[in-house]
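Participant: Just a sequence and a predicted model for now, questions to come.
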Amino acid sequence: MMTTLAYVVAYLGIVFFVIACIARFLMWAKMPMHVRWELYPVAHEGGGKAEYGGSYLEESEWWSKKRQVSLWGELKVMLPEIFFLVALREHNKKLWTRSFPFHFGIYLVGAATALMLFAGLIVGYGPDSIGNPVAQLMGWVLPVLAGAGLVLGILGAVGLVLRRLARELSDYTAPADLFNLIFFIVAFGVALVTFVVFDRDFSMVGSFVTNLVTFNLAPINDGTAGLMLVLSVVLLAVLVAYIPTTHMSHFIGKYFAYHSIRWQDDPNLPGGKQEKIIQELLSRPVTWSAPHIGADGKKSWLDVTLEDQKK
Amino acid sequence: MKQPDSVKDMGKKPGEPLAQINQLEQIPLPPPFDKLEDEPQFAKLSDEAREKYVVLDDTIAVNIEKPKTKEDEDALVQGFLSGLEKLFSVEDNWTFLQPFEMSMEHCAKCQSCSDSCPIYEESGQNELYRPIYRSEILRRIYFKYIKKASPALHGDIDLNWETVARLIELSYRCNLCRRCAQTCPIGADNGLLSREIRKIASMEMGIVPREIHDDGSVLQLEVGSSTGMTPMIVKDNIEFIDEDTAERTGVPIETPFDVQGADILLIHNAGEIMAWPENPGAFATLFEAAGLSWTLSSDVVGYDGINYGVWYDDVQFARVAVRHAQVAKKLGVKKIVLGECGHAHKALTVIADKVLTGDLNIPRESAIVTMRDIVRSGVLKLDKSRNDFPVTLHDPCNMVRLMGIVSPQREVIDAVVPEGRFREMAPHGVENYCCGGGSGFAIMSGHNFQDWRHRMTGRRKFRQILDSFQDESMDPQHYKYVCAPCSNCKGQIRDIINYYDAFEKAGIYYGGLVELIVNAMEDVQPGFIDWEWH
């Protein structure tokens, strides 16, 4: 009964996480075009310009030249930023020493989970000749990966809680910020205890995941170990579902913060595809109330823009 | 130093300043200005002003009168909430919706941006000027009073008229240089939130500093320029400048006006015509020497490249941008070239990029790029030895951090300044510090605002300038040149040099980039830069 609950909550957590992330992604992606608000350096500027923060606007008659856009330039910035939080290290070392282990711990736990799901599929659906060696390999890899991830995540989260209580951050810390970190500490802590005390070779959780991906809701263990496994799974599943509903969904927002705002320098060329979108936006009604705007809720942006010329 | 204990103080302590700076506790400047006790006295805000207007700190920028009735108080609060709600509407704020919402939702309040702010740093890290202090108040108001979320989720704040009025004042304690945004690991932009608060005040409540609205964009749209120059006056002034420049250079020039079908419409910041006539004079000399097909416009708005809307109001911004484009369209030019004015660059080239369509979408280019091309072309005979004095370069935020125009001005300097005479400020390029006049401050001067500006926003730039010349003699006869290729920056640098008497005491002078080129032109009489204080 308890294990069934764990299976159900795990499915729900994963499904909710995926749906919430897609909804969050779509929310940002569907936002209307905004005015350009880029900030240099723009990583994809080609021709060596990104290195010193230059742009295509340094070229005379730039509109008639082919832009040099470098995907490699973006990757060179994005990958270290994602994995090592480079900007935080550069501008806030004190926080980075807490935030980096926290995030890297989550990455390791995430990688371990992905491997478990992958291995579960092979063990569950593949021939034993492949499944057995894979299960054996996972018995070595997963304890290292997940163990290190859980320890780093807990240490980082504890460090972040302490940092948030420090004088210069405490006034800007809401109870929810502390709750989020403590949630990580508790969920990771229970998982760590389960791993260290009851499941050092990850056989129990490995079986659970194999059952999960093969939709075989068989009981795993009735004793304290089983209870701890259920508790770990439930906490982690709820945590996973909770993340995209909070500002911790910045892992999605950050993509847009960089690609749609900070590095968004696509010019609106005469006759290009952006012009139609802009014209549609300029036809939207304005309701700003200050007298100098001259809006009445019906006049469009274009109307109020040309309003002063009627005087 | 007096400072708030918490963001919750914003609506408390009615009538009291939340922050005050003790000038004797500020970080000393480099020599020869390193004695705090010798610095000019910070003028006090008058008692009448404190009585009449909302009080935030040592100065007043916006002049928000204290409400006289409960209805007035409620109107301030309701107006602010109404405007804040509109910032989340596609119809009213498609212009900035995504960047705004991103910064409202995802700031982790980690304080990575604090040290990047020159105002916060030069204030001695006064809490009131911390970049996220004002944005945190905005966020809490939004989540508590509009989204009706529990304060446990996003923090608590009391909302009263004083909170609103002080927050609007506080939005005018930020240069909008966006250095804070550059350091944000997540991509939140607390500088933008200052601008959006200004937008609520202007576009919903009609509250704006007089200098940038009534005497700024409104005057520009009405008579043609925020300087008050009408088309007739601007033509007269340019005629005088041509004569004066020809006398100085020995090269006769006649600035072309309203030339139909010219390649280039050059738009200066009209402040140059009024305050620094050598700048438009140098442009005319240079463009004529290079044989360019160019013209100025004498149409209303067409001769003043400023667009103060970029600092506070999207509609005022769009109105001015459209006028500029209409003027160019009427003349049938191939491109608009923007003179030495940073915010005019960003306004018309980058922001208006998503406003101008069809036959108004006329290509725009920086004059810095045009100058670089002229110098690179070899059409000029240049004598670097005429610029044989120490030169440092101020990077205008709008051109550099916000547009990525970094290298052309350096290439020009390389071509006209002798080796070893140029030194970079630290930091420079896209990591530069604002001059201190950004976001309208350079033209704002009510009450004691200028003093506040010199002590708080311009101090970091002055520190950088002094640092860059530390290997030089500070003898006033040993002239040193601060090249500031932006009209507002130049005004701010002039004011701060004047405030500290740095020309008389240390020989520190300022000017634009084009003046350095003309000063090095062999075909021009020596001494175009005349080292006379003005």
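Facilitator: Nice, I can see it. Numbering: from 1, shown residues only, chains lettered A, B, ... in the order given.

Participant: Now do the domain split for the chain, please.
Facilitator: In the absence of a named chain, chain A is used. Under the assignment automatic domain parsing, the domains of chain A span A:2-33+A:85-262, A:274-310.

Participant: actually chain B
Facilitator: Taken from automatic domain parsing, chain B resolves into B:7-204, B:226-372, B:379-520.

Participant: Rebuild the ones you listed as a markdown table, extending it with mean neighbour count and distance to chain A.
Facilitator: In short, each C-beta sits where N, CA and C put it, glycine included. Formatted as a markdown table, the domains of chain B follow (neighbours: other CB atoms under 10 Å in any protein chain shown; distance: least, CB to the nearest CB, whole Å):
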| stretch | mean neighbour count | distance to chain A |
| --- | --- | --- |
| domain B:7-204 | 20 | 3 |
| domain B:226-372 | 22 | 4 |
| domain B:379-520 | 22 | 3 |
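
Participant: Can you check the pLDDT for B:His534?
Facilitator: pLDDT recorded at B:His534 is 61.

Participant: and stretch B:52-67, average pLDDT?
Facilitator: For stretch B:52-67, the mean pLDDT works out to 96.

Participant: Name the residue of the stretch 101-250 of chain A that lies nearest to chain B.
Facilitator: Closest to chain B within the stretch 101-250 of chain A is A:Tyr172: 3.9 Å, counting by CB to the nearest CB.

Participant: what's near enough to touch the residue nearest the centre of chain B?
Facilitator: In chain B, the residue lying closest to the centroid (CA atoms, centre = their mean) is B:Gly438, at 2.6 Å. Neighbour list for B:Gly438: B:Asn175, B:Leu176, B:Cys177, B:His343, B:Cys397, B:Asn398, B:Thr457, B:Asn488, B:Cys489, B:Gln492 [criterion: CB atoms under 8 Å, 6 or more residues apart in numbering or on different chains].

Participant: before we move on, the earlier item: now tabulate the domains of chain A in TSV and tack on distance to B:Gln477, mean neighbour count and mean pLDDT.
Facilitator: Listed next are these as TSV, based on distance: least, CB to CB, whole Å; neighbours: other CB atoms under 10 Å in any protein chain shown; pLDDT from 0 to 100:
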stretch	distance to B:Gln477	mean neighbour count	mean pLDDT
domain A:2-33+A:85-262	42	18	94
domain A:274-310	51	17	95
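
Participant: what sits against the residue of the stretch 101-250 of chain A closest to chain B?
Facilitator: The neighbourhood of A:Tyr172, defined by CB under 8 Å, 6+ apart, consists of B:Val7, B:Lys109, B:Gln111, B:Ile132, B:Glu136, B:Gly155.

Participant: which stretch of helix or strand covers it?
Facilitator: Using DSSP states H and E, A:Tyr172 falls within no helix or strand.

Participant: Can you pull up the most central residue in chain A?
Facilitator: Nearest to chain A centroid, counting by CA atoms, centre = their mean: A:Phe251, 2.2 Å.

Participant: which secondary structure element contains that one?
Facilitator: Going by DSSP H and E, A:Phe251 is in helix A:250-256.

Participant: who touches the next helix or strand after that helix?
Facilitator: Counting by DSSP H and E, the next helix or strand C-terminal to helix A:250-256 is helix A:274-282. Outside of helix A:274-282, the residues within contact range by CB under 8 Å, 6+ apart are A:32-33, A:266, A:268, A:300-302, A:305, B:94, B:354-355, B:357-358, B:361.

Participant: cutoff 6 Å now
Facilitator: A:Met33, A:Asn268, A:Trp301, A:Leu302, B:Trp94, B:Lys354, B:Thr357 (CB atoms under 6 Å, 6 or more residues apart in numbering or on different chains).

Participant: how about the strands of the stretch 251-400 of chain B, start to end?
Facilitator: Remark: strands assigned in the stretch 251-400 of chain B by DSSP state E, counting those that start in this stretch are B:264-267, B:294-295, B:335-338, B:364-366, B:391-393.
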